[in-house]
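Participant: got a predicted structure plus its sequence, pasted below:
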Amino acid sequence: MAVLTLRLDDQLEKKLQRLSKETERPKSYFVRKALVLYLDEYQDYETALARRADKDEELLTLAQMKKALGV
């Protein structure tokens, strides 16, 4: 397992410290969780951008998507 060192501003450190203390979980647990969520979201964002740039991909409006899904 890799080790990562990072710097946090005082306010973020205090929030993380409080959360860690309240939940009795290590700070690294929350940093790892946050990083996983961010990376998953970023990957979805990159996929959306690539699809949007693909001129062969059909784009649907929200109304068209709702109709297609029967919503």
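Facilitator: Here it is on my side, so go on. Residues are numbered from 1 along each chain as shown.
Participant: next SSE downstream of the helix or strand where residue 11 lies?
Facilitator: In this structure, residue 11 sits in helix 10-23 according to DSSP states H and E. Using DSSP H and E, the helix or strand that follows helix 10-23 in sequence is helix 27-53.
Participant: just to revisit the earlier point, next, the angle from the helix holding residue 11 to helix 27-53.
Facilitator: Calculated by axes from the mean of the first three to the mean of the last three CA atoms, to 10 degrees, helix 10-23 forms an angle of 120 degrees with helix 27-53.
Participant: nearest residue to the middle of this protein?
Facilitator: residue 38 (2.6 Å; CA atoms, centre = their mean).
Participant: any idea how far that residue is from residue 29?
Facilitator: Distance, residue 38 to residue 29, by CB to CB, to the nearest Å: 15 Å. C-beta coordinates here come from the backbone N, C-alpha and C atoms, glycine included.
Participant: same check on residue 61?
Facilitator: If you go by CB to CB, the gap between residue 61 and residue 29 works out to 41 Å.
Participant: more neighbours: those two, which one.
Facilitator: Neighbour totals were compared for residue 61 and residue 29, and residue 29 leads with 12 against 8 (other CB atoms under 10 Å).
Participant: got the confidence number for that one?
Facilitator: Per-residue pLDDT puts residue 29 at 97.
Participant: got a list of what it touches?
Facilitator: Neighbouring residues of residue 29 by CB atoms under 8 Å, 6 or more residues apart in numbering: residue 20.
Participant: just checking, what packs against the helix holding residue 11?
Facilitator: The elements that helix 10-23 packs onto, with contact taken as 3 or more CB pairs under 8 Å, 6 or more residues apart in numbering; DSSP states H and E, are helix 27-53.
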